[in-house]
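Colleague: give me a model of this one.
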Amino acid sequence: VFSAPGRAGYLAEAEPVPLASLSPADILHTARDLSADLTVIGPEQPLVSGAADLLRREAMAVFGPGANAAMLEGSKEFAKQAMLEAGVPTGDFRSIRDRNDLDRALAEIGLPAAMKADGLAAGKGVVIVRHGREADEVFRSFVVDGSLGDAGRTLLLEEFLEGEELSLFALVDGDRYALFPTARDYKRIGDGGAGANTGGMGAIVPVPDWTEGRAAELGEVVFPPLLRELRRRGIRYQGILYAGLILTESGPRVLEFNCRFGDPETQALLPLVAEDLAERMLAMSRGEWIDGPIAMTGECATCLVLAAPGYPESAESGGVIEGLDAPKNPGIHVFHAGTEKRGDDWVVAGGRVLNVVATAEDGARARAAAYEAASKIRFPGVQLRTDIGLPGVRG
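Modeller: Have a look, this model is predicted:
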């Protein structure tokens with residue numbers, strides 16, 4: 001197994017190999033050099049840019065949606081319109097391209113509301129606005145000043161929805177799909193959902209009270225109608241499709257779709273898989289489908305993110321990480337993210353530095369084990385939420 005570009009911290013699971021860029025051409029070149037039997041494209045940008053399409057044209061086995069299907073993540077406007085046409089429950093919204101659009105959207109949607117950049121913005125494109133002045137500031141920054149580049153030239157103003165959030169992942173090929181257990185991630189930097197939005201500070205799998213049957217009922221509301229709508233548009237989805245939902249008093253609503261495994265939910269999800277997912281992915285790349293549910297261990301998992309000081313605004317790098325060699329109990333996994341090896345030391349080299357995951361027979365034990373393992377890892381200014389997995393805690 002190779003990881004491109006990868007990091008030294010991946011060595012236990014995959015051998016890092018150089019990758020000149022995330023362009024489709026460079027991904028194809030690297031896959032050919034490695035004589036890869038299967039290429040799994042993780043990040044959203046190369047999927048939206050058509051990397052999977054290029055590899056398929058060149059008869060390379062690849063797992064991931066084509067560019068047209070990846071627009072479910074690449075354009076929030078595309079995703080919203082597809083949901084409306086399909087009848088998938090989602091919040092009301094208006095598209096904004098100029099000042100007149102903004103005024104009309106504010107009058108029709110009202111405040112508070114969520115203002116979202118249409119395109120890929122690396123987690124920086126969503127702002128909750130509660131006053132007209134704040135909406136003006138976001139419009140000026142994203143649309144007029146172009147602070148997010150082309151990603152922010154079109155905005156969406158969405159109705160403000162309240163409730164607990166839930167993530168639903170599925171392997172999808174055309175009209176067929178297979179669900180994973182439910183997940184929940186925690187986006188805010190501080191306890192209780194306080195502070196700035198991040199790429200994710202932790203996750204749990206499964207979400208309490210969401211049985212397999214209940215999750216299947218929710219999947220029926222989301223995936224079949226959406227996949228039918230994509231087919232009507234001439235689009236066949238093949239890959240991972242991840243629905244981010246909010247559980248409102250009037251029922252679940254889809255907030256967004258991602259065309260890849262989500263982070264950090266995936267770190268909690270995959271240790272619970274009791275089969276070789278590569279076999280399903282390879283079959284899908286050949287146009288085949290393995291029937292039956294995805295085999296799971298039946299356990300629970302908690303993932304904790306250890307973040308660098310200053311994250312998410314401006315992460316400070318270079319701090320020496322201690323405790324990575326501490327003995328680990330069964331069911332403990334430590335996944336590297338923003339780390340780098342310098343001599344004999346591991347040092348901080350990114351915003352979200354490490355993911356500590358614990359699996360156990362129930363959520364309370366998984367949570368306790370994860371925090372115990374995380375307490376053994378230290379670096380200057382480490383940020384760690386203390387409430388991941390507690391009942392009633394918002395993300």
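
Colleague: may I have the beta-bridge partners of Leu304?
Modeller: Beta-bridge partners recorded for Leu304 (DSSP bridges): Gly202, Val356.

Colleague: give the buried residues for stretch 102-112.
Modeller: 102, 105-106, 109 (16 or more other C-beta atoms under 10 Å). Glycine gets a C-beta too; all of them are placed from N, C-alpha and C.

Colleague: which elements pack onto the longest helix seen in the chain?
Modeller: As assigned by DSSP state H, the longest helix anywhere in the chain is helix 212-232. Helix 212-232 is packed against helix 76-86, strand 164-173, strand 176-179, strand 238-248, strand 251-258, with contacts defined by 3 or more C-beta pairs under 8 Å, 6 or more residues apart in numbering; DSSP states H and E.

Colleague: that one vs strand 238-248, what angle?
Modeller: Between helix 212-232 and strand 238-248, the angle comes out at 120 degrees (axes from the mean of the first three to the mean of the last three C-alpha atoms, to 10 degrees).

Colleague: outside of helix 212-232, which residues touch it?
Modeller: With C-beta atoms under 8 Å, 6 or more residues apart in numbering as the test, helix 212-232 has contacts from 69, 82-83, 85-89, 168, 170, 172, 174-175, 177, 179, 181-182, 206, 236-237, 241, 243, 245, 252, 254, 257.

Colleague: neighbours of the closest residue to Pro312 other than its chain neighbours, just the number please.
Modeller: In space, Pro312 comes closest to Thr198 once its chain neighbours are excluded; the distance is 4.7 Å by C-beta to C-beta, 6 or more residues apart in numbering. Counted with other C-beta atoms under 10 Å, residues neighbouring Thr198 total 23.

Colleague: residues contacting Gly9?
Modeller: 335-337, 339, 341, 346.

Colleague: nearest residue to the middle of this structure?
Modeller: Gly262 (2.4 Å; C-alpha atoms, centre = their mean).

Colleague: for burial, what's the neighbour tally of the closest residue to that residue other than its chain neighbours?
Modeller: Leaving aside its chain neighbours, Gly262 sits nearest to Tyr242 (5.0 Å; criterion: C-beta to C-beta, 6+ apart). When counting by other C-beta under 10 Å, one arrives at 23 neighbours for Tyr242.

Colleague: domain ranges for this protein?
Modeller: 2-70, 92-159, 164-285, 300-374 (automatic domain parsing).

Colleague: would you turn those into CSV with mean pLDDT and distance to Pro293?
Modeller: As requested, the domains of the chain are exported to CSV (pLDDT from 0 to 100; distance: least, C-beta to C-beta, whole Å):
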stretch, mean pLDDT, distance to Pro293
domain 2-70, 95, 19
domain 92-159, 96, 32
domain 164-285, 96, 6
domain 300-374, 95, 18
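
Colleague: quick one on the thing from earlier: out of the helices and strands packed on helix 212-232, flag the one nearest Gly363.
Modeller: strand 164-173 (14.5 Å; C-beta to C-beta).

Colleague: who are the packing partners of the closest one?
Modeller: On a contact count with 3+ C-beta pairs under 8 Å, 6+ apart, strand 164-173 meets strand 176-179, strand 184-185, helix 212-232, strand 238-248, helix 265-269, helix 277-285.

Colleague: quick one, strands of the stretch 251-395 of the chain?
Modeller: 251-258, 300-307, 320-321, 332-336, 339-342, 345-348, 352-360 (DSSP state E, counting those that start in this stretch).

Colleague: deepest of the ones you listed, which one?
Modeller: By mean neighbour count, with neighbours taken as mean count of other C-beta atoms under 10 Å, strand 300-307 ranks first of those at a mean of 27.

Colleague: relative orientation of that one and strand 332-336 in degrees?
Modeller: Using the same axes, to 10 degrees: strand 300-307 against strand 332-336 is 40 degrees.

Colleague: quick one: strand 300-307 to chain centroid distance?
Modeller: Taking the mean of its C-alpha atoms, strand 300-307 sits 14 Å from the chain's own mean (C-alpha atoms, centre = their mean, to the nearest Å).
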